[in-house]
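Asks: sequence and predicted structure below; questions after.
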Amino acid sequence: MSKFAQFFAPPVAALCLLVALWEGLVRALAVPAFLMPPPSAIARAAMENGPLLRAAVLQTGMTALAGFLLSACLGNAAAWLLGSFRFLERAFYPYTLFLQTVPIVTIAPLLVLWFGSGSAAVAVAAFIVSVFPVITGTISGMRSVDPNLRDLFRLYGATRLSILTKLEIPAALPQTVTGLRVASGLAVIGAIVGEFVAGFADESPGLGIVVLTAYRQLKTDLLFAAVLGSSALGLALFAGVQLAGHLLLRRWHPSARS
Amino acid sequence: MEPSVAVRFDNVERRFDGGRPAFTGLSLSLDAGTFSVLLGPSGCGKSTLLRLAAGLDEPQTGRVSLVEDGLDRSPIGGPTGFVFQDAHLLPWRTLEENVALPLELAGIDPEARRHLTAAAIARVGLASHEKKMPHELSGGMKMRASLARALVRTPRLFLLDEPFAALDELTRQRLDDDVRALAQDLRITVLFVTHSIQEAAYLADRVIVFSQRPARVVADFVSPLPRERTSLLRFSEAFSSFVADLHVALLRGES
């Protein structure tokens, strides 16, 4: 068996088994479709609503990506600044915890007030939910730099900027990538939750709106199809970050070489 | 070739967080162009002395200075090369990029950087390995790369903190030969820390033996061995006798 088959065979087999079990149990126990539709009904709903779901995945994907890119840029910039100056870290880091602890649904109405209903507010919601792991990942990477390497840079008269660009940022890269991986999944969650409150103004409804509508109409099969769409979106973003991380780290970091 | 520098410790005291002092009232003078070895038990403060000489640490009292052309100067930003206990190469840079780092930080232009880097790499015998990443190098090669990085700016003071302690005996002996030869070629002042009596005896023009903390100088030897050292010297009577003298001095420091 090829390595590819060896890698994929167990999860594919497990999935087939679970789907067969689900289909069999739902049919055998005659569970109402609005409570738990069988996988075959979900597949049918996905096919019938293909254009709607594709457009929703695209719409949510764009706002999640925008929020994620904002997190990657602003989160790293903030981490480099806070990680470079202890007094800034002491002053501002506790307030970044606000981003981690605040439930996004509670501030989504504010986002609508500030950015209007639509993609901008949704992207900001995705940004707020996903930026914290980027900041903590990068700061923690910067803090873990070997003190002897810092001494080496001091010995050679390195400027603060050189220490940041030639030592701290590359040394923190593995943790930055880990933070971005976590952020990629959170950005999709943030975008969908943002859509619950702010996504109604978009021309093409996002996955959050499809989920809400399907729920209100008791179209549970479509709801499941939308959930699978969100999951696929999260996986795609995660895989993109994973690939970028691999390309950045493969020359030197054990995690990317193995 | 630029003249090397002398190192002077005047009545130096260094203590850490209220614990036992590493040393108090320590005065020591190391002549320019000599190879001095600091020998003592682990944790006695040898590495701290080295960090003071590099300007990486400061004494609570007393003064550490480098003497160049008869003038005293602070060790901070001095013409110093430092080799740590581990190679401490940046894992995301090739060997060549690691060696070039001090030149890059000093703002040397890329053309001059390339020449100086190639020369330093050739000097330590790694000429065909420039493009390798640190994880592709053996322990001995990493230490050679670390030596090349310390030498690339042509330092006049070369500080080595137990650089070969983690290597196997033969590699260590080979690298000792290389360091000794480099120091003689470049006529730089070398301060080498070790807790190996054999290594100290083989390398040094002068061996300063320290006691346990708070460290004090228990013996100060000028090497009786010839200036030219080869591996065969390790089997000579003079070498054995010098090793025995150092051993006795170390034991005296422990009592």
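Replies: Nice, I can see it.
Asks: quick check, distance from the lowest-mean-pLDDT helix or strand in chain B to the centre of its chain.
Replies: Sorting the helices and strands of chain B by mean pLDDT, DSSP states H and E puts strand B:71-73 at the bottom, at a mean of 83. Centre-to-centre, strand B:71-73 and its host chain are 21 Å apart (Cα atoms, centre = their mean, to the nearest Å).
Asks: show me which residues of chain A are close to chain B?
Replies: Chain A has residues A:146, A:148-149, A:151-158, A:162, A:166-167, A:170-171, A:173, A:251-254, A:257 near chain B, with proximity defined as Cβ under 8 Å from any Cβ of the partner chain. Just so you know, the C-beta spots here come from the backbone N, C-alpha and C atoms, and that holds for glycine as well.
Asks: one more time with 6 Å
Replies: Taking Cβ under 6 Å from any Cβ of the partner chain as the test, the list of chain A residues beside chain B reads A:148-149, A:151, A:155-158, A:162, A:170, A:252.
Asks: so what does the helix or strand following the least confident helix or strand of chain B touch, helix or strand wise?
Replies: Later in the chain than strand B:71-73, the nearest helix or strand by DSSP states H and E is strand B:80-83. Counting contacts by 3 or more Cβ pairs under 6 Å, 6 or more residues apart in numbering or on different chains; DSSP states H and E, strand B:80-83 packs against helix B:139-151, strand B:157-161.
Asks: now with 10 Å, please.
Replies: Where contact means 3 or more Cβ pairs under 10 Å, 6 or more residues apart in numbering or on different chains; DSSP states H and E, strand B:80-83 is packed against helix A:147-155, helix B:46-54, helix B:139-151, strand B:157-161, strand B:189-194.
Asks: any chance of the ones you listed in TSV, plus mean neighbour count, distance to residue B:237 and mean pLDDT?
Replies: Below are those laid out as TSV (neighbours: other Cβ atoms under 10 Å in any protein chain shown; distance: least, Cβ to Cβ, whole Å; pLDDT from 0 to 100):
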stretch	mean neighbour count	distance to residue B:237	mean pLDDT
helix A:147-155	17	40	93
helix B:46-54	24	28	92
helix B:139-151	23	30	94
strand B:157-161	24	28	94
strand B:189-194	26	22	95
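Asks: now the ones you listed as CSV including distance to residue B:69?
Replies: CSV is the format used below for the helices and strands packed on strand B:80-83 (distance: least, Cβ to Cβ, whole Å):
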stretch, distance to residue B:69
helix A:147-155, 22
helix B:46-54, 18
helix B:139-151, 22
strand B:157-161, 14
strand B:189-194, 14
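Asks: what about chain B, any weak spots by pLDDT?
Replies: By pLDDT under 70, the weakly predicted segments of chain B are B:1-3, B:18, B:255.
Asks: quick one, strands of it?
Replies: B:6-15, B:21-30, B:35-39, B:61-68, B:71-73, B:80-83, B:157-161, B:189-194, B:206-210, B:217-222 (DSSP state E).
Asks: mind listing what the residue located most distally from the centre of chain B touches?
Replies: Of all residues in chain B, residue B:111 has its C-alpha farthest from the mean position, at 29.1 Å, by Cα atoms, centre = their mean. When contacts are counted by Cβ atoms under 10 Å, 6 or more residues apart in numbering or on different chains, residue B:111 touches no other residue.
Asks: what separation do you get for it and residue B:203?
Replies: 36 Å (Cβ to Cβ, to the nearest Å).
Asks: same deal with residue A:228?
Replies: From residue A:228 over to residue B:203 (counting by Cβ to Cβ), the distance is 69 Å.
Asks: other SSEs contacting whichever strand or helix holds residue A:176?
Replies: Using DSSP H and E, residue A:176 falls within helix A:169-198. Packing partners of helix A:169-198 (3+ Cβ pairs under 10 Å, 6+ apart): helix A:50-70, helix A:76-84, helix A:104-115, helix A:119-143, helix A:207-216, helix A:220-249, helix A:254-257.
Asks: contacts for the fifth one, please.
Replies: By Cβ under 10 Å, 6+ apart, the residues outside helix A:207-216 that reach it are A:45, A:49, A:52-53, A:55-61, A:63-64, A:122, A:125, A:188, A:191-200, A:202, A:205, A:219-227, A:229-230, A:233.
Asks: of the helices and strands packed on helix A:169-198, flag the one that's most buried.
Replies: Compared across these, helix A:119-143 shows the largest average neighbour count, a mean of 25 (mean count of other Cβ atoms under 10 Å in any protein chain shown).
Asks: ok now it, how far from the chain's centre?
Replies: 10 Å.
Asks: quick check: angle from that helix to helix A:169-198?
Replies: Interaxial angle of helix A:119-143 relative to helix A:169-198 (axes from the mean of the first three to the mean of the last three Cα atoms, to 10 degrees): 150 degrees.
Asks: export the helices and strands packed on helix A:169-198 as JSON lines, with columns for mean pLDDT.
Replies: Listed next are the helices and strands packed on helix A:169-198 as JSON lines, based on pLDDT from 0 to 100:
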{"stretch": "helix A:50-70", "mean pLDDT": "96"}
{"stretch": "helix A:76-84", "mean pLDDT": "95"}
{"stretch": "helix A:104-115", "mean pLDDT": "90"}
{"stretch": "helix A:119-143", "mean pLDDT": "95"}
{"stretch": "helix A:207-216", "mean pLDDT": "94"}
{"stretch": "helix A:220-249", "mean pLDDT": "95"}
{"stretch": "helix A:254-257", "mean pLDDT": "78"}
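Asks: how about the residues of the stretch 151-255 of chain B by chain A?
Replies: Neighbours of chain A within the stretch 151-255 of chain B, by Cβ under 10 Å from any Cβ of the partner chain: B:153, B:155, B:159, B:161.
Asks: now render the residues you listed as a markdown table, adding distance to residue B:67.
Replies: Converted to a markdown table, these look like this (distance: Cβ to Cβ, whole Å):
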| residue | distance to residue B:67 |
| --- | --- |
| B:153 | 20 |
| B:155 | 15 |
| B:159 | 16 |
| B:161 | 22 |
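Asks: so which of these is the closest to residue B:16?
Replies: Distance to residue B:16, by Cβ to Cβ, is smallest for residue B:161 among these, at 16.8 Å.
Asks: can you name the residues that contact the closest one?
Replies: Per Cβ under 10 Å, 6+ apart, neighbours of residue B:161: A:148, B:38, B:46-47, B:49-51, B:54, B:82-86, B:191-194.
Asks: could you rerun that using 8 Å?
Replies: The contact partners of residue B:161, by Cβ atoms under 8 Å, 6 or more residues apart in numbering or on different chains, come to B:46-47, B:50, B:82-85, B:193.
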